[in-house]
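Asks: Below: sequence and its predicted model.
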Amino acid sequence: MKTCVFIPAWNVRGDVLGVLERLPAAFGRSCAEVFVLDNASSDGTPDAVLARLRPEELGERRQVQGRDVTVLDAVYQVVQHFALHLGQIILVAKAQVPGAVRFYEDAGGLAKPIWKQQGSKR
């Protein structure tokens, strides 16, 4: 029997990396898939998890939801999937509350980001 491991994460970079290091010893070959479910960490958790992948692992073939894909294909699909949902959420919010959701303002024909005007350090 294969085991799937789900690791919820929010600003626990060191803990997640430690768990990922210990999984092979704990489950051996019975661990089929590992999912790190990050909730918008600001401590670099997602980047650290992705950085653990060795370049040769990105080309490895895996079975995901009955499809034969590479690890890189799976990562790309997840990013694309969430980006699509974010776009849908923004579209619905803008339709329901016109003018309340704004990312840019017109500045003489140019789009000027408004979040920089609101004291953001980014």
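Replies: Perfect, I can see it now. Numbering: from 1, shown residues only.
Asks: which residues in this protein form strands?
Replies: Ranges of strands in the chain, per DSSP state E, are 3-9, 31-38, 61-64, 67-70, 104-107, 110-113.
Asks: Need those in JSON lines (columns: mean neighbour count and mean pLDDT).
Replies: Every residue, glycine included, has its C-beta placed from N, CA and C. Formatted as JSON lines, the strands of the chain follow (neighbours: other CB atoms under 10 Å; pLDDT from 0 to 100):
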{"stretch": "strand 3-9", "mean neighbour count": "13", "mean pLDDT": "90"}
{"stretch": "strand 31-38", "mean neighbour count": "14", "mean pLDDT": "83"}
{"stretch": "strand 61-64", "mean neighbour count": "12", "mean pLDDT": "86"}
{"stretch": "strand 67-70", "mean neighbour count": "12", "mean pLDDT": "94"}
{"stretch": "strand 104-107", "mean neighbour count": "10", "mean pLDDT": "66"}
{"stretch": "strand 110-113", "mean neighbour count": "10", "mean pLDDT": "70"}
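Asks: Could you say which one of the ones you listed comes nearest to Leu86?
Replies: strand 31-38 (14.6 Å; CB to CB).
Asks: Paired strands for that closest one, with orientation please.
Replies: In the sheet, strand 31-38 lines up against strand 3-9 (parallel) (DSSP bridges).
Asks: quick revisit: Serialize the strands of the chain to JSON lines and add fields for distance to Gly87.
Replies: Putting those into JSON lines (distance: least, CB to CB, whole Å) gives the following:
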{"stretch": "strand 3-9", "distance to Gly87": "24"}
{"stretch": "strand 31-38", "distance to Gly87": "20"}
{"stretch": "strand 61-64", "distance to Gly87": "23"}
{"stretch": "strand 67-70", "distance to Gly87": "23"}
{"stretch": "strand 104-107", "distance to Gly87": "15"}
{"stretch": "strand 110-113", "distance to Gly87": "17"}
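Asks: Point out where this structure drops to low pLDDT.
Replies: 32, 105-109, 111, 115-122 (pLDDT under 70).
Asks: so what secondary structure elements neighbour the longest helix belonging to the chain?
Replies: Using DSSP state H, we find that the single longest helix of the chain is helix 71-96. Using 3 or more CB pairs under 8 Å, 6 or more residues apart in numbering; DSSP states H and E as the contact criterion, the elements in contact with helix 71-96 are helix 55-58, strand 61-64.
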